[in-house]
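Peer 1: Generate coordinates for the sequence data below:
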Amino acid sequence: MNELTGSLDAQHAQLARILEAVAAAGRAGRWPEYRRQFGALREGLARHMAFEEEALFPLLEERAAAAVKSLREDHAQLRRHLETLGAAAPERDPDGCLAELDDLSELMRLHHDAELALDPEYASRLMPPLALEDPPAMDLRGLQPPEPIVRIFQALERSPGAPLRVILPHEPVPLYGLLRERGYSYAGAPRPDGGFEVLIERAQS
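Peer 2: Next comes the predicted model:
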């Protein structure tokens, strides 16, 4: 995902794309990708709403207090959707998660339309960027064993809750058992350049 530096309207479009990526991963059962994309959606939507509440809503409240009250209520409902999805186990209830994502998508659309109706200049207002792109993968090719494994666990210790993407010269089968022992899940695939990329995350309880 690319960093956004444009308008509020563009951010709504970006968030809608990320939401669709979450739903697509859920429909395909790609749960590591689902959790990664949902993390980006939750972070981006939280930043977007914070900006609106701090900078945009006070301006709009001067014009239409009742309409802004409704927009604030939308934000409360958006947060409830994010809390529900964040606490859910999508592998166990994919239909429920996808239905919740559909409700979230519809609320985001209606909320955006309401903002446009209230503020004709809304779509072109500039705001701080949403940095939602994936962190770069650690490229560990070229290191001699056991250095790749040492660096992987050092990175996991530095950021215990964050997903970690690593690139290795081949599938790291011995690593998988060590990750399971320490409470991590993993998903990997060959890369077009001949390496093997692995996404490591905290295992869901």
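
Peer 1: hey, let's count contacts and neighbours off CA atoms from now on
Peer 2: Will do.

Peer 1: now L107: how far from A76?
Peer 2: 11 Å (CA to CA, to the nearest Å).

Peer 1: ok, now D113?
Peer 2: Distance from D113 to A76, by CA to CA: 17 Å.

Peer 1: For stretch 46-57, give the mean pLDDT please.
Peer 2: Summarised as a single mean, pLDDT over stretch 46-57 is 86.

Peer 1: So for this protein, the centremost residue is which one?
Peer 2: A40 (1.6 Å; CA atoms, centre = their mean).

Peer 1: That one - that's part of a helix, no?
Peer 2: Yes. Assigned with DSSP: H, G, I helix; E, B strand; the rest coil, A40 falls within a helix.

Peer 1: can you pull out the helices in this protein?
Peer 2: Counting by DSSP state H, the chain has helices at residues 8-28, 31-51, 57-61, 65-87, 94-118, 147-158, 173-181.

Peer 1: picking up where we left off before, mind checking pLDDT for the residue nearest to the centre of the chain?
Peer 2: 89.

Peer 1: Distance check, it against I18.
Peer 2: 8 Å.

Peer 1: Over to E83?
Peer 2: 17 Å.

Peer 1: what's the answer for V166, then?
Peer 2: 23 Å.

Peer 1: Among the helices of the chain, show the one with the smallest mean pLDDT.
Peer 2: helix 57-61 (a mean of 83).

Peer 1: how many neighbours does P148 have?
Peer 2: For P148, the count of nearby residues is 21 (other CA atoms under 10 Å).

Peer 1: wait, what's in contact with it?
Peer 2: By CA atoms under 8 Å, 6 or more residues apart in numbering, the residues touching P148 are 140, 168.
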